[in-house]
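[1] Below are the sequence and a predicted model for it; my questions follow.
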Amino acid sequence: MSKRLALVVLTAVLATVLAVGTAGAGPYVPSETPDDTWMTNGTVFTSALSEDGKTLYIGGKFNRVLQNPPGQSGPKITVSGLAAIDVQTGNAIGSWTPTVTGGKAVVRSLEVKGNKVYVGGNFTAVAQTPSAAQQPRQNLAAVSAANGAVDPDFVPQVTKTNGDPYVHALLAGDSKLYVGGFFNSAGGGKVRANLAAFDLTTGALDNTWKPKVNNQVKDLEFAS
């Protein structure tokens, strides 16, 4: 059975969450005590769980993951927009520190498929570690889920003629990676209006999938 793709196109989202109690019971009151887990010194915009459920990958705008809040002593790891958390222990995984760089470097979307983590946002290069050689990538890249090594074969390009391009949403199918965001070209200058699809392995732009939307795409999902 083929899958249909549902799009969520947003410029702003306002979410209201209501506490609903069970019959005969008071409203649910969440605990004010957070789980004992590492944290960042910036903003986390996105996360994705590994297929085995053991690792949580996080992305955003931060350059440290820390065991204790900023300003307090304790272990910390230098990163750049990406990090991984052990789901069982809550500890940051020091062996997974790929980095994104560029004038406004930020990670806005993550997707895990097989042994790869696909990374979208606004950046011009990616490296396996903060000290490793940067490899040019235009706002979309793939890195190893095991050690953060940059996939040398996956070299798509997502750009915008005027303004800052962003990849806000990623969704992996069986063979394609669907991409949504704020851009007007992909795959080396081919026209794409905020939506594109790439081969999961090679990064080649899909030349037959050409939907168009006139505003930013903030989310993607397959219709049930």
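    Yep, that arrived.
[2] Need the nearest residue in space to residue 155, chain neighbours excluded.
    residue 203 (5.2 Å; Cβ to Cβ, 6 or more residues apart in numbering). Quick note: C-beta positions are derived from backbone N, CA and C, even for glycine.
[3] what's the answer for residue 54, then?
    Using Cβ to Cβ, 6+ apart and skipping the chain neighbours, the partner closest in space to residue 54 is residue 87 (5.5 Å).
[4] That neighbour against residue 56, yeah?
    Yes: assessed by Cβ atoms under 8 Å, residue 87 is found in contact with residue 56 at 5.5 Å.
[5] Provide a list of residue ranges in the chain with pLDDT below threshold.
    1-26, 28, 34-35 (pLDDT under 70).
[6] Comparing residue 87 and residue 56, which shows the higher neighbour count?
    When residue 87 and residue 56 are compared for neighbours, residue 56 comes out ahead with 19 against 15, by other Cβ atoms under 10 Å.
[7] Tell me what that one is bridged to.
    residue 49, residue 85 (DSSP bridges).
[8] With residue 183 as the reference, measure out to it.
    27 Å (Cβ to Cβ, to the nearest Å).
[9] how deep is the nearest residue to residue 202 once chain neighbours are set aside tucked in, by neighbour count?
    The shortest distance from residue 202 to any non-neighbouring residue, by Cβ to Cβ, 6+ apart, is to residue 153 (6.1 Å). Residues near residue 153, counting by other Cβ under 10 Å, number 10.
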